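**Student:** Take this sequence and fold it.
(one chain, ligands or ions: 1)
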Amino acid sequence: MNKETYERLTLDLEDRSYDILVGENLVTNAGSLVRPFIKQDRTFIITDENVARHHLPTLEAALRSKNIESHALILPFGEQTKSFAQLDRVIDFLLKHNIDRKSTLIAFGGGVIGDLAGFAAAVVMRGIDFIQIPTTLLSQVDSSVGGKTGINTARGKNLVGSFHQPKLVLADTSLLETLPNRELLAGYAEVVKYGLINDPQFFDWLEDKAHKIIAGDISARTHAVLVSCAAKAKIVALDEKESGARGLLNLGHTFGHALEAEAGYNGSLLHGEAISIGMVMAHDLSAELGLCSEQDAQTVRAHFKNIGLPISTDYVSSNALGGKKLEVSRLMDHMSRDKKVSNGRLTFVMTKGIGQAYLDNAVDMAVVSDFMKRFIA
Ligand SMILES: O=C(O)C(=O)C[C@@H](O)[C@H](O)[C@H](O)COP(=O)(O)O
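**Tutor:** I've put the predicted structure just below:
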């Protein structure tokens, strides 16, 4: 068994504080890492078929080596799994095994599995413990940290869910070695987000190291995951339930979620791809309104393009809509259900430049609609 090497970050939320371990070989050693956080000698693993094929035997063996029994439920891969139907399956699986309030669930997968399993843990028996073992770059740098759990509905992304914090996050960077390039790139979009929100030095570092991160350089990857988790932990500690600052983590998401809803959650547009386009849109709109320089907007566009992420809605049209153009009125309809709408007004994450994102509830929706018509044309 390889020795695990990791760095420890803590998300500070008083009695709900937890550690995020970032490093190598954490799954191989999961038995001893998880042991202090479970109240019974058995756990319930929720995973998907891809992760199960590559890594489930390793996790099960690691738990067994510390006399922890595990039962696994293997779900279909993909965003469509974040549904009421699969939530029902997870809950039925847990109840069939006679869980009780001291049981612990392990979410072993990407953002879809983490969000779905976390939500099941939040609601079954009115809440049981769960541990996140994120297996994709996106889930390691974003969705496994901060306690947002939930599922999609036909009317939009993450519209049903709950804030339920995990007891521990194990971000094992060795798992990224089996991740397809498209998934890596999608996760990388969320890494860039932290630079664009409030860390221009990190963005500069990414300008230099992006290709190394994607190519598999361990130290560049580990640094990127650590900086991202630390940035997210800091914001979530300030504003767990998103009454203010946490909204910044939604940079690019208002546009991105609308694109995902139109694409249909069928794998034709990954979340990270949608928010790559969404972040380009947020910067372009900010530049059009004179809030940020055209130069910064171009730098952002070039950064995503150079690494191979989509920057235009043409990608959505050709990948998801058989070449049909997106309809602005339909996108506006999705955006009207954004969770940052309050009293009928949508708060946008706008920017004054790279690393200077801010929340703006004074953006005129007619201006946004005109901007989108030009962006999509
Ligand atoms: O953790 C957060 O807060 C975020 O907004 C992070 C996002 O990157 C993530 O995609 C989140 O799940 C989106 O949440 P939502 O509230 O906009 O559905």
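**Student:** okay, CA-based contacts and neighbour counts for the rest of this
**Tutor:** OK.
**Student:** quick one: contacts for Phe304?
**Tutor:** Going by CA atoms under 8 Å, 6 or more residues apart in numbering, Phe304 touches Ala189, Ser276, Pro310, Ile311.
**Student:** For the second one, give me the pLDDT.
**Tutor:** This means Ser276. The per-residue pLDDT reported for Ser276 equals 98.
**Student:** now do Arg155
**Tutor:** Per-residue confidence (pLDDT) for Arg155: 87.
**Student:** what does the protein have sitting close to the ligand?
**Tutor:** Asp142, Ser143, Gly146, Lys148, Asn158, Arg246, Leu249, Asn250 (CA under 6 Å from any ligand atom).
**Student:** Tell me the bridge partners for the fourth one.
**Tutor:** Partner residues in beta bridges with Lys148: Phe163, with DSSP bridges as the criterion.
**Student:** so it makes contact with Asp115?
**Tutor:** Yes - contact status for Lys148 versus Asp115: in contact at 7.0 Å, counting by CA atoms under 8 Å.
**Student:** Of the two, which one has the most company?
**Tutor:** Just comparing Lys148 and Asp115: by other CA atoms under 10 Å the higher neighbour count belongs to Asp115, 28 against 22.
**Student:** now the helices: where do they sit in the chain?
**Tutor:** Taking DSSP state H as the test, the helices found in the chain are 30-34, 49-64, 84-96, 111-123, 137-138, 181-198, 200-215, 218-238, 253-263, 271-288, 294-307, 314-320, 328-335, 365-376.
**Student:** Could you dump those into CSV and include distance to Leu168?
**Tutor:** Formatted as CSV, the helices of the chain follow (distance: least, CA to CA, whole Å):
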stretch, distance to Leu168
helix 30-34, 8
helix 49-64, 15
helix 84-96, 20
helix 111-123, 12
helix 137-138, 17
helix 181-198, 21
helix 200-215, 25
helix 218-238, 13
helix 253-263, 26
helix 271-288, 24
helix 294-307, 32
helix 314-320, 36
helix 328-335, 33
helix 365-376, 40
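**Student:** which ones are touching the spatially most central residue of the chain?
**Tutor:** Among the residues of the chain, the one closest to the centroid is Ser143, at 3.4 Å (CA atoms, centre = their mean). Residues near Ser143 by CA under 8 Å, 6+ apart: Gly111, Gly114, Asp115.
**Student:** and if you look at His54?
**Tutor:** Going by CA under 8 Å, 6+ apart, His54 touches Thr178.
**Student:** Against Asp48, how distant is it?
**Tutor:** Distance from His54 to Asp48, counting by CA to CA, to the nearest Å: 10 Å.
**Student:** What of Lys148?
**Tutor:** Distance of Lys148 to Asp48, given as CA to CA: 19 Å.
**Student:** Over to Ile38?
**Tutor:** For Ile38 relative to Asp48 (CA to CA), the value is 22 Å.
**Student:** Which of those two has more residues huddled nearby?
**Tutor:** Asp48 (23 against 18).
**Student:** Surely that one touches Ile113?
**Tutor:** Yes - counting by CA under 8 Å, Asp48 touches Ile113, with 7.1 Å between them.
**Student:** Could you chop the chain up by domain?
**Tutor:** 5-178, 184-212+238-376 (automatic domain parsing).
**Student:** Can you measure across the last one, start residue to end residue?
**Tutor:** Start and end residues of domain 184-212+238-376 are separated by 26 Å (CA to CA).
**Student:** Show me how far it is from its chain's centre.
**Tutor:** Mean C-alpha position of domain 184-212+238-376 versus that of the full chain (CA atoms, centre = their mean, to the nearest Å) differs by 14 Å.
**Student:** same check, this time on the longest one
**Tutor:** Counting by CA atoms, centre = their mean, domain 5-178 is centred 13 Å from the centre of its parent chain.
**Student:** start to end distance for that domain?
**Tutor:** End-to-end distance of domain 5-178 (CA to CA): 19 Å.
**Student:** circling back: highest neighbour count among the contacts of Phe304?
**Tutor:** Going by other CA under 10 Å, Ser276 tops those with 33 neighbours.
**Student:** The ligand versus that one, what's the distance?
**Tutor:** 11 Å (CA to the nearest ligand atom, to the nearest Å).
**Student:** wait, Leu138 sits on Glu190?
**Tutor:** Yes - when contacts are counted by CA under 8 Å, Leu138 is listed as touching Glu190 (6.5 Å).
**Student:** of the two, who's got more company?
**Tutor:** Taking neighbours as other CA under 10 Å, Leu138 and Glu190 compare with Glu190 leading, 28 against 24.
**Student:** Please name the residues that touch Val192.
**Tutor:** Listed by CA under 8 Å, 6+ apart, the contact partners of Val192 are Phe203, Leu206.
**Student:** any low-confidence regions in this protein?
**Tutor:** Along the chain, segments meeting pLDDT under 70 span 1-2.
**Student:** Any chance of the backbone angles for the residue of it most remote from its centre?
**Tutor:** Residue farthest from the centre of the chain, counting by CA atoms, centre = their mean, is Asn67 at 31.8 Å. Backbone torsions for Asn67, taken as degrees, to the nearest 10, come to phi 60, psi 40.
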